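Trainee: any chance you could fold what I've pasted below:
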Amino acid sequence: MHKSETPLISIIIPLYNKEKFIRRSLESVFSQSYSNIEIVVVNDGSTDGSREIVLSMDDPRIRLIDKPNGGVSSARNRGIDEAKGVYIAFLDADDVWREKHLEVLMEGFHLYPDAAIVANALEYRWEEGDKHSNINHNGIPKWKEENYLHSLSQGSFPIHIGSCIFKKELLNRHQIRFYEHMRLSEDVNLMLRVSRLGRVVRSNYTGLIYYQDDLQSAMKQKEMNAALVPHYFEGMQSEKWSEQEEVQVRRFLLREYLKKAYQNRHLSFIKKELSPPSAGGNIAAPRWAVIAYIFIRFTPEFVYRLYKRVK
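Mentor: Sure, this is the predicted structure:
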């Protein structure tokens, strides 16, 4: 198909102090087999050499937009507003796409034109080369419909904001943007809201390489007080859930609550930890979860080590 016959995809890259990684990410975009793209790099007040690296990369498809620092959600929202494409894809400035990522996503929309989210599989990788995924980037992609909420309730996060694509018209029609006051899991929240508008389909093609190193260093920089479960269901308090979906929401919240109990070990305790997370209304993790949370949070480390040894 000729380029002029293919719809334009706007690729939004939020950029904040990623001089070590931005060239690698952009080069993965340049190598895409789907070429009718624009690259909207939103510089969110970087103070390192990130901006200069983008300017040095001579590609007319790049649009660099400068804004004061406001966080990744504000940068992504600015990118959506500035985007000229029919479709919108997001790529973090330290991640990488495989060369057929966009091509496969567009095949997905061709097969499932009513889909709200079309996604590829992803690979988790660390700089030293460790990785965990079922990698497929050579064979013919196989597609399946994804029950996103069910997957979350089972402890799986099968879709990343960088592994999927959206129709801009759908986001605009329903006035969907990232919540800028959210500092964690704002991407999961947006995908949950979009998933209520239509089908979610995912291929087994490994299109995104999701690097963990910079995320881990950012986590270490956060204050040492315990963290709470993110407000995954922000803006969905009036959502009409089926009985089965209510069960899935509660199960997901319970999993995340107990996971947070383990992650918060050795961090300063705050009273809010004893409030189980809620999705609004009567949908929340069960009250008994507080007992399990306390047990996990304060059980001596040697008990965990003994358990692992016995197991």
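Trainee: and the strands in the protein?
Mentor: Across the chain, reading from the start of the chain, the strands by DSSP state E fall at 9-15, 37-44, 62-67, 87-90, 96-97, 115-125, 131-132, 143-145, 164-167, 199-211, 278-280, 283-284.
Trainee: and these, which one is worst for confidence?
Mentor: Mean pLDDT across the strands of the chain is lowest at strand 131-132; the value there is a mean of 48.
Trainee: could you report the separation of the closest residue to Ala284 other than its chain neighbours from His231?
Mentor: With C-beta to C-beta, 6 or more residues apart in numbering as the measure, Ser278 is the residue that lies nearest to Ala284, at 3.8 Å, once sequence neighbours are left out. Using the backbone N, CA and C atoms, a C-beta is placed for each residue, glycine as well. Taking C-beta to C-beta, to the nearest Å as the measure, Ser278 and His231 are separated by 9 Å.
Trainee: export the strands of the chain to JSON lines and tack on mean neighbour count and distance to Arg265?
Mentor: Formatted as JSON lines, these follow (neighbours: other C-beta atoms under 10 Å; distance: least, C-beta to C-beta, whole Å):
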{"stretch": "strand 9-15", "mean neighbour count": "25", "distance to Arg265": "32"}
{"stretch": "strand 37-44", "mean neighbour count": "23", "distance to Arg265": "33"}
{"stretch": "strand 62-67", "mean neighbour count": "15", "distance to Arg265": "38"}
{"stretch": "strand 87-90", "mean neighbour count": "24", "distance to Arg265": "33"}
{"stretch": "strand 96-97", "mean neighbour count": "24", "distance to Arg265": "33"}
{"stretch": "strand 115-125", "mean neighbour count": "23", "distance to Arg265": "23"}
{"stretch": "strand 131-132", "mean neighbour count": "12", "distance to Arg265": "23"}
{"stretch": "strand 143-145", "mean neighbour count": "13", "distance to Arg265": "37"}
{"stretch": "strand 164-167", "mean neighbour count": "24", "distance to Arg265": "33"}
{"stretch": "strand 199-211", "mean neighbour count": "23", "distance to Arg265": "25"}
{"stretch": "strand 278-280", "mean neighbour count": "18", "distance to Arg265": "23"}
{"stretch": "strand 283-284", "mean neighbour count": "18", "distance to Arg265": "23"}
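Trainee: all helices of this structure, in order?
Mentor: Using DSSP state H, the helices found in the chain span residues 22-30, 50-56, 72-82, 101-111, 148-153, 168-173, 186-195, 213-220, 243-263, 289-298, 301-310.
Trainee: and those helices: which comes nearest Glu5?
Mentor: Ranking the helices of the chain by their distance to Glu5 (criterion: C-beta to C-beta) puts helix 101-111 first, at 11.9 Å.
Trainee: buried stuff in the closest one?
Mentor: Within helix 101-111, the residues that count as buried by 16 or more other C-beta atoms under 10 Å are 101-109.
Trainee: what's the most distant pair in these?
Mentor: Pairwise distances across those peak at 13.4 Å for His101 and Phe109 (criterion: C-beta to C-beta).
Trainee: hang on, the earlier thing: and the buried residues of helix 101-111, which is closest to Val200?
Mentor: Closest to Val200 out of those is Gly108 (10.5 Å), distances taken as C-beta to C-beta.
Trainee: residue contacts, that closest one?
Mentor: Residues in contact with Gly108 (C-beta atoms under 8 Å, 6 or more residues apart in numbering) are 115, 118-119, 141, 143, 165, 201, 203.
Trainee: ok, now with 10 Å
Mentor: With contacts defined as C-beta atoms under 10 Å, 6 or more residues apart in numbering, Gly108 is in contact with 115, 117-120, 141, 143, 164-165, 201-203, 205.
Trainee: which parts of stretch 184-196 are buried?
Mentor: Those buried within stretch 184-196 under the rule 16+ other C-beta under 10 Å are 185-196.
Trainee: can you redo those residues as TSV with pLDDT?
Mentor: Below are the buried residues of stretch 184-196 laid out as TSV (pLDDT from 0 to 100):
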residue	pLDDT
Ser185	94
Glu186	97
Asp187	97
Val188	97
Asn189	98
Leu190	98
Met191	98
Leu192	98
Arg193	98
Val194	98
Ser195	97
Arg196	97
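Trainee: for the residues you listed, give me CSV that also has distance to Pro300.
Mentor: Conversion of those to CSV gives the following (distance: C-beta to C-beta, whole Å):
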residue, distance to Pro300
Ser185, 30
Glu186, 35
Asp187, 35
Val188, 32
Asn189, 35
Leu190, 39
Met191, 38
Leu192, 37
Arg193, 41
Val194, 43
Ser195, 41
Arg196, 43
